[in-house]
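Chemist: give me a 3D structure for the following:
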Amino acid sequence: MGERDVTRGVLYVASGPDYVDLAVQSAESLRAVEPDLAIDLVTDVPELLPEGLFDQVRVEARMHAREKLRAMPETRFERTLYVDSDTLFVAPLGDLFDVLERFECALTHDVRRDWGLIRQGRDHQTPYAFPQHNSGVFLYRRSEAMLAFLAEWAARFFVDETVERDQIILKDLLWESDLRYYVLPPEFNLRRVTVLDAWEPLDAVPTILHSHRFQDHMRGRGDRIATLEALLEAERQALAEEWAGDLPEAAQGWAELRNPVAAK
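Modeler: Sure thing, here's the model as predicted:
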């Protein structure tokens, strides 16, 4: 494999056979739509990797569950797209990296924003309109300001053993910081593919799927999901079950509007 342009690239961090397997699946989907983009991986099981898929592999024998907080500042790229392993690329990235011409980083809002888990911060109680941001797809520059931000994120997270989710600290930091960051549209971190059922043809181009359902087979919850079609089928079924279950007060009226016949 020849040397690729390292001004921009994609970074994965995956430990253990199951997550490395997901990272390989994701990276193969990325390579299919972006064959010339450099892809790096940090892992503890390099022997499980296929030949030639990743441009650079850094081996860490003892990886923390949030090893990405240590790995992200160590990127060799000027512009990096960090992605979790439970992702799938279904379209080219286009000019996504050009967002970093004006901003230090870019990411999307998290979903389930009416849930206490996603409202949570450690040091700040923010307005509803400022929820947690999902850190599983994170575009960033290797600039002094950004590296300082990443260092503070890691330092605050690792010093507090009571905090299990890195998004809690990230939410606080974004609330406090003067860092120029951008909220990406959801197609670059598509957490609910059932929105495709509502989008009109010119609304958006789905690009990066990101779903915990890619991990379902690891937990004995059915067959492995490896395609948009399979994910959409699983999410449609789960969505129907969700709306048929016990609903929070704010959602009860919507349930009747969604299915007025069943509500009678």
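Chemist: for the closest residue to F214 other than its chain neighbours, give its distance to H217.
Modeler: For F214, ignoring the flanking residues on the chain, the nearest one in space by Cβ to Cβ, 6 or more residues apart in numbering is D86 at 4.1 Å. Yep, even glycine has a C-beta here, placed from its N, CA and C like the rest. Counting by Cβ to Cβ, to the nearest Å, the separation of D86 from H217 is 11 Å.
Chemist: enumerate the positions of stretch 191-207 that are buried.
Modeler: Neighbour-count burial for stretch 191-207, with 16 or more other Cβ atoms under 10 Å as criterion, is recorded at 191, 193, 206-207.
Chemist: then stretch 128-139?
Modeler: So, applying 16+ other Cβ under 10 Å, buried residues of stretch 128-139: 130-139.
Chemist: quick check, nearest of these to L147?
Modeler: Nearest to L147 among the buried residues of stretch 128-139 is F138, at 13.6 Å by Cβ to Cβ.
Chemist: and that closest one, its phi and psi?
Modeler: phi -140, psi 110 (degrees, to the nearest 10).
Chemist: so where does the residue nearest in space to the middle of the chain fall, helix or strand?
Modeler: In the chain, the centroid-proximal residue (Cα atoms, centre = their mean) is G136; its distance is 2.3 Å. Taking DSSP states H and E as the definition, one finds G136 inside strand 133-141.
Chemist: follow-up on the earlier one: make CSV out of the buried residues of stretch 191-207 and add pLDDT and secondary structure.
Modeler: Shown next, in CSV, are those (pLDDT from 0 to 100; DSSP: H, G, I helix; E, B strand; the rest coil):
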residue, pLDDT, secondary structure
R191, 96, coil
V193, 95, helix
P206, 96, coil
T207, 98, coil
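Chemist: what's the most distant pair in these?
Modeler: R191 and T207 (12.8 Å).
Chemist: give me the common contacts of those two.
Modeler: Counting by Cβ atoms under 8 Å, 6 or more residues apart in numbering, R191 and T207 have no common neighbour.
Chemist: quick one, strands of the stretch 101-250 of the chain?
Modeler: Ranges of strands within the stretch 101-250 of the chain are 105-109, 133-141, 181-183, 208-210, based on DSSP state E, counting those that start in this stretch.
Chemist: of those strands, which is nearest A38?
Modeler: Per Cβ to Cβ, nearest to A38 of the strands of the stretch 101-250 of the chain: strand 133-141, 14.7 Å.
Chemist: state the mean pLDDT of that closest one.
Modeler: Strand 133-141 shows an average pLDDT of 97 in the prediction.
Chemist: strand partners (parallel or antiparallel) of that strand?
Modeler: strand 79-83 (antiparallel), strand 105-109 (antiparallel) (DSSP bridges).
Chemist: out of those, which is closest to E161?
Modeler: strand 79-83 (23.7 Å).
Chemist: hmm, who's touching the strand holding G136?
Modeler: Residues contacting strand 133-141 (Cβ under 8 Å, 6+ apart): 68, 72, 78-84, 86-87, 96-97, 99-100, 104-111, 146, 150, 166-167, 170-171, 174, 183-184, 188-189, 191, 208, 210.
Chemist: then stretch 91-109?
Modeler: The contact list for stretch 91-109 (Cβ under 8 Å, 6+ apart) reads 8, 33-34, 37, 79, 81, 131-135, 137-141, 143, 145-146, 149, 179-186, 188-189, 191, 205-207.
Chemist: for the stretch 51-200 of the chain, what spans make up the helices?
Modeler: Using DSSP state H, counting those that start in this stretch, the helices of the stretch 51-200 of the chain run over 68-71, 116-119, 144-159, 166-176.
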